[in-house]
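> Sequence isn't available, so here's the structure alone:
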């Protein structure tokens, strides 16, 4: 059975498969990236690698100026990027039978594969590959 | 030299190639130790000795040729016998050692040392020679990596009939003093002054001179049997690049020729376009030129690339000798030696690697075990893993020591994760000798290893499991990219500008700035230089406080001068430039980044590229879209 | 390339032998002295390029003469001549600034090697 990390962006809950995660850490000290788009919060020194931290809430247009307290680092081989999120909740087992379809009609929804009902909590299952593909075109 | 040809031009090539043959000989011999009846191995070794003999004879290095010939004879004997006896391995290795010594003599420009003992000796006696050679090697002091650049150990043997040898030793020290600073010697100066009967004098010299220059100071001195330099990798990092030769693969060389051809074509194209005033053509020509120069740069860097093997080839021998001394059985596995790195980086990695392998044999492995070295490439980084299946490092032991030594408070130490605890073995205050034997045994020079790596822009990761083993991962850049940067601040943010782009920096009074069409201008040396706010170019807010002076960085951009107004100039530094990972590599005008000593990241802004979208007639590269 | 040499030795035999070696090699022997004081006086007078200085001599010893000459002319090039078993004296001479030393009985090529070496540095 797959496991997902449930995290929060503003007041919405999202889920990310843990196979897409290398590390979850407290918000590190960030350094200025010149000419970066607003949704790039800054760069972090991740074990000697320069890794930009993306304000996922701002990128998705869910909530701007929200607080980011945790970063979710993607494993090597992905786009070298870390996702800044409002908070992380817990890692849960995920049963595809409990999935609900969702409509892809807004920018935000393009990144949501489907909805998942975790004990009554509506979790947006996040589609990381779409994000990575889109970042390559920016 | 009997030949009438001028052989001197082959001298460097001879040294390089013989060195390579010797490395292979050492490796093949060690393989034979494990499989003494391997006919192919014996044949391969024979061929190596044969090549050395041929080259040395043509160069007129008789002793080298004679010894190589002798080894050939030995090998022929082993081949007929169908196996290499254990003593045979020792003998072959002492032969390789002696050949290395001869090579050092030739490099230093001194007479070749005596080879007759080894040649004359029957196998048993020669083994005794071999053992004494080994002991000599292991006695050499381990110097910290950081100091090795200018430190040479010169060993002077006096003839057996030397008269007043202590006086001779003083004269030698005086003479060497003209080539550098004598840091220490054995016997000590006090002993010499008391008339110590010196037969061999070892001198540690801090010097900028080459071995050849150092030997020259002793030229013609009586009673000297031979001058040698401690055969040591440190020595080779000391010799500067210009005295060395580089071998270039034919394929790479062909690419240079092709590129040159393309550049010539490009020049004609630009010339004719300029004559015709065809701007479209000039534009295309310039973008082609940009690509060609980029290719050229890339290929030039390739020339400096050297396989990792050049620094790992000696490790099997090192492990063997260490095992013999400690009575342990260690199996060394090396893979990925074909990985190519810039030679400067390889040289800097060489000593750390030796330290770590030596540590693994001495401290990690108890009786028998395996050390494996694996190398591979990850993007622009070389990964070199050194793993052992020894006793491992107990993180709780480190935690205890940290508190005991007062390095951390108990509450701080309690919070450290295992990974962080392991990093402490690289702390200079931790890695002292007594700690090493008490805890599970790593630490000799680990601080040196770590700082050597970090100064290259690399890093060290440590993982260990008690009873399972320890794994060190060295990450180092494949190529060196050190540039000098100017640090500037805008709206409290710091960026670096490559010094190569900066013409000058100056502070001017604000009132000297004039306006033309709303754009600020400054008259410098009868030239109107347009001024731009770097804050504005970097999309940062302008400084609000009104200051009467303006800090300007004058740069060249697209062939004309521009002035960048910045809030503050905060110095210069040398920086290891890291290539930016995607998506950062698509930020227009940002060319790289460096990690500062405190771990903070500083981005490098290329003033030339800041303007691409605004004022250049060359289109930005396609990928920028 | 001839060097102007002052030979200092109390034994005429030694002086003659050295003189022959130098002359044969194309050097010039500008003077001879038989003790330390004489050596100092001749050095001032002749300003030779090289002095060969015996260590053990009556009255002033070679080492004292060496020290006094070097005090007046720190660039003086003085090579000591010693007999077997005088190691500690030679050490003292080298510490006092002797450029090199030769040990009796002299061998011709040894003597000439020393001259060559002293003048090549």
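Arrived safely. It should be emphasised that the depicted structure is a prediction, and the values quoted were computed from it without experimental measurement. Numbering: from 1, shown residues only, chains lettered A, B, ... in the order given.
> Pretty sure residue A:25 sits against residue A:70.
Yes. Using Cβ atoms under 8 Å, residue A:25 makes contact with residue A:70 at a distance of 7.0 Å. Just so you know, the C-beta spots here come from the backbone N, C-alpha and C atoms, and that holds for glycine as well.
> What number of residues are in the vicinity of residue B:352?
26 (other Cβ atoms under 10 Å in any protein chain shown).
> how about the nearest residue to it once chain neighbours are set aside, what does it touch?
Spatially, and ignoring its direct neighbours in sequence, residue B:352 is nearest to residue B:449 (4.1 Å; Cβ to Cβ, 6 or more residues apart in numbering or on different chains). For residue B:449, the contact set (Cβ atoms under 8 Å, 6 or more residues apart in numbering or on different chains) comprises B:145, B:352, B:355-356, B:426, B:460.
> closest to chain C among those?
residue B:145 (34.3 Å; Cβ to the nearest Cβ).
> one step back: what would the contacts of residue B:449 look like in JSON lines with pLDDT, secondary structure and distance to residue A:17?
Formatted as JSON lines, the contacts of residue B:449 follow (pLDDT from 0 to 100; DSSP: H, G, I helix; E, B strand; the rest coil; distance: Cβ to Cβ, whole Å):
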{"residue": "B:145", "pLDDT": "32", "secondary structure": "helix", "distance to residue A:17": "44"}
{"residue": "B:352", "pLDDT": "85", "secondary structure": "helix", "distance to residue A:17": "39"}
{"residue": "B:355", "pLDDT": "84", "secondary structure": "helix", "distance to residue A:17": "42"}
{"residue": "B:356", "pLDDT": "89", "secondary structure": "helix", "distance to residue A:17": "37"}
{"residue": "B:426", "pLDDT": "79", "secondary structure": "helix", "distance to residue A:17": "35"}
{"residue": "B:460", "pLDDT": "85", "secondary structure": "strand", "distance to residue A:17": "31"}
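> nearest to chain A, of the residues you listed?
residue B:460 (9.3 Å).
> State the distance from the closest one to residue B:473.
7 Å (Cβ to Cβ, to the nearest Å).
> Those two: who's more crowded?
residue B:460 (21 against 15).
> The more buried one and residue B:452 touch, don't they?
No. Contact criterion Cβ under 8 Å: residue B:460 and residue B:452 do not qualify, at 9.2 Å.
> what's the one helix or strand residue B:96 maps to packed up against?
Residue B:96 is part of helix B:86-108, with elements assigned from DSSP states H and E. Other elements packing on helix B:86-108 under the criterion 3 or more Cβ pairs under 8 Å, 6 or more residues apart in numbering or on different chains; DSSP states H and E are helix B:11-34, helix B:62-81, helix B:116-120, helix B:123-138, helix B:211-216, strand B:224-229.
> and the ones you listed, which one is worst for confidence?
In terms of mean pLDDT, the lowest-scoring of the helices and strands packed on helix B:86-108 is helix B:123-138 (a mean of 43).
> for residue B:477, which residues make a bridge with it?
Residue B:477 has these beta-bridge partners by DSSP bridges: residue B:381.
> Contact residues of the stretch 101-250 of chain B facing chain C?
Applying Cβ under 8 Å from any Cβ of the partner chain, one finds that the stretch 101-250 of chain B approaches chain C through B:163-167, B:170-171, B:174-175, B:178, B:192-193, B:195, B:217, B:219-222.
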